[in-house]
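1. Test case, fold it:
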Amino acid sequence: MEYRHLIKDPDFRNDWLRSCVNELGCLAQGVGNRIKGTNNIFFINKNCIPKGHTITYAQIVNSVHPGKEEKNRSKITAGGNLITDYPGKVSIETLMVEIR
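-> A predicted model of the protein is given here:
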């Protein structure tokens, strides 16, 4: 099931919402005292996007890790195929962070 389906199902909703919040918190500024943020992304209002800048999408990928304490894991990737006018690199090295 895709994330959008998982969060609509009452049996899966809470676990997968928490998993995605953990991932977003890790990439951003954290989630309370539970998740430490890495400041890799910052959220802004849509009206703050400068003219001429390209907006892309986020893809949420879900996986289940039966041997882990937190079994449901969400990862977020950005759609680099839409970023065609950026002069620098549109990818970064993957940072492996275990979310507990």
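
2. Let me know the pLDDT of Glu2.
-> In the predicted model, Glu2 carries a pLDDT score of 88.

3. count of neighbours near it?
-> Glu2 has 10 neighbouring residues, counting by other CB atoms under 10 Å. Every residue, glycine included, has its C-beta placed from N, CA and C.

4. ok, it to Glu69 distance?
-> Remark: distance between Glu2 and Glu69 (CB to CB, to the nearest Å) = 24 Å.

5. Could you say which helix or strand holds His5?
-> Using DSSP states H and E, the element containing His5 is helix 3-6.

6. by contact count, what packs against the next helix-or-strand element following that helix?
-> Once the chain leaves helix 3-6, the next helix or strand it forms, by DSSP H and E, is helix 13-27. With contacts taken as 3 or more CB pairs under 8 Å, 6 or more residues apart in numbering; DSSP states H and E, helix 13-27 sits against helix 3-6, strand 58-64, strand 72-78.
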